[in-house]
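Need coordinates for the below:
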Amino acid sequence: MTEVSKPTLVRPLALASLIANIGLVVTGAAVRLTGSGLGCPTWPRCTDQSYTTTQEMGVHGVIEFGNRLLGIALGLIALATFVAALLHKPRRRSLVLLSLAAGLSIPGQGVIGGITVLTDLNPWVVGLHFLLSMALIAVTYALWQRTKEGDAPTRPLVARPLRHLAGFMTVVSAAVIVVGVIVTGSGPHAGDEDAKRTGLDPAEVSQAHADLVFLLIGLSVALWFALRAVNAPPAAVRAAALFVAVELAQGLIGFVQYFTHLPVILVGAHMLGACLVWVATLHVLWRLRDRPAPVSPTPPAPADTAAEPLPQSPAPVA
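Purely as a prediction, here's the structure:
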């Protein structure tokens, strides 16, 4: 039996942490899209007198406080994942470090969230809050994948030019997300009607975002065709095809929301789509290499002593 085939709590907890981080982005989008960004007008308290929302804060307080509660739940999941990694036998350094990184990022999220409230939803701080969530998604995805593989050095499954193409595609995917954050900061749905915007021209920033999306689609389609042409492992081809499908769906939502003047439902779907595009990007990278699990050495079979005659004592001399 290999080391990673043993049942462990780290794997489901890592998956729960990944899903919870995506959920935090979605609930954060709900806070902004419903104008609940200052539903709890201070931090770390919800009001000057209470850590929880009050009746006077109305539905906006409930939405904002609910998002804060999810952040606490996320921290508990991260703590449980770290403890499970420490207790894993044999202890694996990679799992401990990744779970620790995920756990330490949670307080950082809380602090940035607090600064967001205290700066009256400064769009640049709001964007940083989102980008940290993307980093956390990358860490928790890596942790989840590492629970399914060994600790041997990685082994590339495709030629170097294809790996370079995938790396460039990843950089462009990250750029699409960053510019998308800037688009959000320059448009409506600020989280509060009095919140400031970046002052950038929404049309120009949106055009830059769309240009990067077209570049990303071209790179991903090229990678998919190239992997098929060289008979890459089926898992790698499927990952590239999945990435193309996810980004095409995300691009369709983006264009429809732009030309329909940013309806709340589509904007929320686009935020979820950004997370899925990022996960699909990471999925491609992971399928272009593997890390074989170390096989436990098989102990030598015991000698068959039953077939060997026992030594005989010499016969007595008369």
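
for this protein, what's the longest helix?
helix 58-87 (DSSP state H).

So the spatially most central residue of the chain versus Ile22, what's the distance?
With distances taken as C-alpha atoms, centre = their mean, Ile137 lies nearest the centre of the chain, 1.9 Å away. From Ile137 over to Ile22 the distance is 6 Å, taken as C-beta to C-beta, to the nearest Å. All C-beta spots, glycine's among them, are computed from the backbone N, C-alpha and C.

What of Leu216?
For Leu216, the distance to Ile22 - C-beta to C-beta - is 20 Å.

and if you look at Lys148?
In terms of C-beta to C-beta, Lys148 sits 19 Å off from Ile22.

Now do the contacts for Val179.
Val205, Ala208, His209, Leu212 (C-beta atoms under 8 Å, 6 or more residues apart in numbering).

Oh, that last question was meant for Ile22, not what I typed.
Counting by C-beta under 8 Å, 6+ apart, Ile22 touches Ile137, Leu272, Cys275, Leu276, Val279.

mind putting those residues in CSV, secondary structure included?
Output for the contacts of Ile22, formatted as CSV (DSSP: H, G, I helix; E, B strand; the rest coil):
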residue, secondary structure
Ile137, helix
Leu272, helix
Cys275, helix
Leu276, helix
Val279, helix
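
tilt between the host helix or strand of Ala102 and helix 58-87?
Following DSSP states H and E, one finds Ala102 within helix 93-118. Note on geometry: by axes from the mean of the first three to the mean of the last three C-alpha atoms, to 10 degrees, helix 93-118 and helix 58-87 are set 160 degrees apart in direction.

Pull the contacting residues for Tyr51.
Applying C-beta under 8 Å, 6+ apart, the residues contacting Tyr51 are Pro44, Arg45.

where does the chain have low pLDDT?
1-7, 189-194, 293-318 (pLDDT under 70).

And the helices in it, which stretches?
Under DSSP H, the chain gives helices at 10-33, 58-87, 93-118, 123-146, 160-186, 202-229, 234-259, 264-287.

Relative to Gln49, which of the ones you listed is closest?
For the helices of the chain, proximity to Gln49 was assessed by C-beta to C-beta; helix 58-87 is nearest, at 12.9 Å.

and His283, what does it touch?
His283 neighbours (C-beta under 8 Å, 6+ apart): Tyr141, Ala239, Leu242, Phe243.

coming back round to it: and the longest helix of the chain, what does it pack onto?
On a contact count with 3 or more C-beta pairs under 8 Å, 6 or more residues apart in numbering; DSSP states H and E, helix 58-87 meets helix 10-33, helix 93-118.

Quickly compare these and say which is most buried.
helix 10-33 (a mean of 21; mean count of other C-beta atoms under 10 Å).

Next, the angle from that helix to helix 123-146.
Here helix 10-33 points in a direction 160 degrees away from that of helix 123-146 (the same axes, to 10 degrees).

how about helix 10-33 as CSV, C-alpha atoms only?
Extracted C-alpha coordinates of helix 10-33, given in CSV (Å, rounded to 0.1, in the frame of the first residue of the first chain):
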residue,chain,number,x,y,z
VAL,A,10,-6.6,16.0,5.7
ARG,A,11,-8.1,15.4,2.3
PRO,A,12,-11.8,16.1,3.0
LEU,A,13,-10.8,19.0,5.2
ALA,A,14,-8.6,20.5,2.5
LEU,A,15,-11.5,20.2,0.0
ALA,A,16,-13.8,21.8,2.5
SER,A,17,-11.4,24.7,3.0
LEU,A,18,-11.2,25.2,-0.8
ILE,A,19,-15.0,25.2,-1.2
ALA,A,20,-15.3,27.5,1.8
ASN,A,21,-12.9,30.0,0.3
ILE,A,22,-14.9,30.1,-2.9
GLY,A,23,-18.1,30.5,-0.8
LEU,A,24,-16.5,33.5,1.0
VAL,A,25,-16.0,35.2,-2.4
VAL,A,26,-19.6,34.5,-3.3
THR,A,27,-21.0,35.8,0.0
GLY,A,28,-18.6,38.8,-0.3
ALA,A,29,-20.1,39.5,-3.7
ALA,A,30,-23.6,39.3,-2.2
VAL,A,31,-22.5,41.9,0.4
ARG,A,32,-21.4,44.3,-2.3
LEU,A,33,-24.3,43.7,-4.7
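
now it: how far from the chain's centre is it?
Mean C-alpha position of helix 10-33 versus that of the full chain (C-alpha atoms, centre = their mean, to the nearest Å) differs by 9 Å.

cool, stretch 140-151 as well?
On C-alpha atoms, centre = their mean, the centre of stretch 140-151 falls 12 Å from the chain's centre.

Could you do stretch 174-185 as well?
Going by C-alpha atoms, centre = their mean, where stretch 174-185 is centred and where its chain is centred differ by 17 Å.
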